[in-house]
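Asker: need a structure here:
(one chain, ligands or ions: 2)
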Amino acid sequence: MALQINPSILSADFSRLADEAKAVEGADWLHVDVMDNHFVPNLTLGVPVVESLGKATETPLDCHLMIDDPDRWAPQYIEAGAGSVTFHVEAAAAPVRLAREIRAKGARASMALKPATPIEPYEDLLPELDMLLVMTVEPGFGGQAFLDIMLPKIRRTRQLIDKHGLQMWLQVDGGVSAATIERCAEAGADVFVAGSAVYGADDPAKAVQALRQLAEKATGTPGT
Ligand SMILES: O=C(CO)[C@H](O)[C@H](O)COP(=O)(O)O
Ligand SMILES: [Fe+2]
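Answerer: Residues are numbered from 1 along each chain as shown. Ligands and ions are numbered 1, 2, ... in the order given. As a prediction, this is how the structure comes out:
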């Protein structure tokens, strides 16, 4: 099982994005939150910024699309350099077709669930995906408190992945910190997004290492 830490650039200084991306080189992926002020009540960045970020760092980009109509926009993020594209199932018109298109274009296909969206209706879609994202806050903002009530959903999702013998990754995003990452890892997550816990630290690279060690300790699993 992979064990990965993905710093979220949402909590970085947007006037120095290239430097902030370089500050966490050594992390597995750079998590990029795309918000459109429709699917979520916040506006962040779009295709041109993703393209520039891709040129500024060696770290592959994990694009989390919190936007309406991801069916239309996801391909553009792959062309801009995203190595992994996550769409929200609540926003996608045709999740299976979209996942297949993302894979066909050479990126990892990932699907996200808001806190109130259950995993069970999507069990049969899992083989179409490279990653499933269980949101542990309501999407839209960094720095929110981790929702403990999501731990059973993380556990149930891990059970479904294992039941089907899939190699796909299970990502958690929202409120992941030194205080919460062990519980996420014990519940079966293997990819951890952390925004404020990384960029709010004096040394973001050290914060990534510290989170990795806690997750490894919780699972007895060496990371990548
Ligand atoms: O998708 C997100 C919010 O919608 C962010 O990735 C997430 O909130 C990261 O920030 P933090 O670790 O501070 O919670
Ligand atoms: Fe995110």
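Asker: per-residue pLDDT, the residue of the chain found nearest ligand 2?
Answerer: Taking Cβ to the ion as the measure, the chain has His64 as its residue closest to ligand 2, at 3.7 Å. In short, each C-beta sits where N, CA and C put it, glycine included. pLDDT for His64: 99.
Asker: got the residues of this structure near ligand 1?
Answerer: 8, 10-11, 31, 33, 64, 66, 137, 139-144, 173-176, 193-197 (Cβ under 6 Å from any ligand atom).
Asker: now, which of those lie within strands?
Answerer: Among the residues of the chain next to ligand 1, the members falling in strands (DSSP state E) are 31, 33, 64, 66, 173, 193-194.
Asker: From these, keep the buried residues only.
Answerer: Buried members of these, scored by 16 or more other Cβ atoms under 10 Å, are 31, 33, 64, 66, 173, 193-194.
Asker: farthest-separated two in these?
Answerer: Met66 and Ala194 (17.1 Å; Cβ to Cβ).
Asker: can you give me the helices in this structure?
Answerer: Remark: helices assigned in the chain by DSSP state H are 17-22, 47-56, 70-79, 95-104, 151-163, 181-187, 196-199, 204-219.
Asker: which one of the ones you listed lies closest to Thr117?
Answerer: Going by Cβ to Cβ, the one of the helices of the chain nearest Thr117 is helix 151-163, 9.0 Å.
Asker: The closest one - contacts with which helices or strands?
Answerer: strand 131-135, strand 169-173, helix 181-187 (3 or more Cβ pairs under 8 Å, 6 or more residues apart in numbering; DSSP states H and E).
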